[in-house]
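Participant: Using only what follows, build the 3D model:
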Amino acid sequence: MRFGNVELYLVSDGTFRYDGGAHFGVVPKVLWEKIVQADELNRIPLALNCLLIKSEGKNILVDTGFGDKLSPKERQILDLSGEGRLLSSLQRLGISPEEIDIVINTHLHSDHCGGNTLIRGGEIVPTFPKAEYWIQRLELADASFPNERTKATYLQENFLPLKEKGQLRLLYGDTWVTSEVRCIVTRGHTRAHQSVVIESGGKTAIYLGDLAPWAVNIERLAWVPAYDIEPLETIETKRRIRQWALRRGALLIFEHDPRVPMGYLREREGKYLVTPLSSR
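Facilitator: As a prediction, this is how the structure comes out:
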């Protein structure tokens, strides 16, 4: 879709399945299963909706999914199938890896940056050889020195090769990418999680990343995934972004929602609801 002078494209790295209890945190299953039914392993489907932004002559890719470096066992656990999913999505738009100018990682959990790199000739190299990868400095620090809780998802093969190849750009807070695109820190899921705001032609959109992976996560402040590092910060950040989105009439882009990848937030009598873009 076109936003003023900007073009936006959802590009998919496929779908996977993850534990429903982890996704909905302290929310009882009796409540969340009214929204989605889990399989026999208590897993729910999650999308890997990445975003391609064309702005001021730049091809900007936001997040890269899991990529193709996972072991067969890891793929089975996640119910993740297929090779080159993100690259195939880009190819259908006529975009080659060499044509990506900037990759923005909302954060460095493996389902958001696994596609940063790939294995070629036995070596792990950047997937996008000419791109500059934009990552918050504090996020890189946390990923480089993980703790017992985070070490399973902060995998150095997803970001260390970028540094070795000189393709890494560290951000120190909110940062303009072009005059129409900017990164803003949306703390909670991680200490330096960032979302991406697009503003052009009087229109506004925001790619939320894991601040609100599903539409219901922005509709209901208390619905916070169990893997958020700072859940109370998540609630306050969502409160602020929710009011901002209502004032701006912003299009919300959800990274993991398989049913509502995009939508507009509405408020009525103190209740919030996301209307999917297709039904607006």
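
Participant: Pull the residues that contact the worst-scoring helix or strand of the chain on mean pLDDT.
Facilitator: Lowest mean confidence among the helices and strands of the chain (mean pLDDT, DSSP states H and E): strand 2-3, at a mean of 90. Contacts of strand 2-3 with the rest of the structure, by CB atoms under 8 Å, 6 or more residues apart in numbering, involve 8, 198, 200-201, 203, 205, 251. Any C-beta I mention is one placed from the backbone N, CA and C, and that applies to glycine too.

Participant: Now intersect those residues with the helices, please.
Facilitator: Of the positions in those, not one sits in helices, assigned by DSSP state H.

Participant: So Y9 sits against S55, correct?
Facilitator: No: because the distance of 11.9 Å does not satisfy CB atoms under 8 Å, Y9 is recorded as not touching S55.

Participant: show me what contacts the residue positioned nearest the centre of the chain?
Facilitator: With the centre of the chain defined as its mean C-alpha position, the nearest residue by CA atoms, centre = their mean is G209, 3.3 Å away. Contacts for G209 (CB under 8 Å, 6+ apart) come out as 62-63, 106-107, 112, 186, 189, 193-196, 255.

Participant: can we see that at 7 Å?
Facilitator: With contacts defined as CB atoms under 7 Å, 6 or more residues apart in numbering, the neighbours of G209 are 63, 106-107, 193, 195, 255.

Participant: show me where this protein has helices.
Facilitator: In the chain, helices defined by DSSP H lie at 20-24, 29-32, 72-78, 85-92, 110-113, 137-144, 160-164, 215-219, 231-248, listed in chain order.

Participant: what comes up buried for the third one?
Facilitator: Neighbour counts over helix 72-78 (16 or more other CB atoms under 10 Å) mark L78 as buried.

Participant: any residues touching that helix, and which ones?
Facilitator: In this structure, residues lying in contact with helix 72-78 by CB under 7 Å, 6+ apart are 16-17, 81.

Participant: Mark which of the contacts of G209 are buried, thanks.
Facilitator: Using 16+ other CB under 10 Å as the threshold, 63, 106-107, 193, 195, 255 are the buried ones among those.

Participant: so can I have CSV of the contacts of strand 2-3 showing pLDDT and neighbour count?
Facilitator: Output for these, formatted as CSV (pLDDT from 0 to 100; neighbours: other CB atoms under 10 Å):
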residue, pLDDT, neighbour count
L8, 97, 20
I198, 98, 26
S200, 96, 20
G201, 94, 11
K203, 95, 16
A205, 97, 23
L251, 97, 21
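
Participant: Relative to L87, which of the residues you listed is nearest.
Facilitator: Of all these, the one sitting nearest L87 is L8; the distance, using CB to CB, is 19.0 Å.

Participant: Look up which residues are beta-bridged to that closest one.
Facilitator: The residues listed as beta-bridge partners of L8 by DSSP bridges are I53.

Participant: Now do it against L51, distance only.
Facilitator: In this structure, L8 lies at 7 Å from L51, with CB to CB, to the nearest Å as the measure.

Participant: Point out where the stretch 151-280 of the chain drops to low pLDDT.
Facilitator: Counting by pLDDT under 70, the low-confidence segments of the stretch 151-280 of the chain come to 279-280.

Participant: where do the strands sit along it?
Facilitator: Across the stretch 151-280 of the chain, reading from the start of the chain, the strands by DSSP state E, counting those that start in this stretch fall at 168-171, 175-176, 181-185, 194-200, 203-207, 251-253, 262-268, 271-276.

Participant: now the angle between strand 203-207 and the fourth one, please.
Facilitator: If I follow you right, that is strand 194-200. Taking axes from the mean of the first three to the mean of the last three CA atoms, to 10 degrees, strand 194-200 and strand 203-207 form an angle of 160 degrees between their directions.
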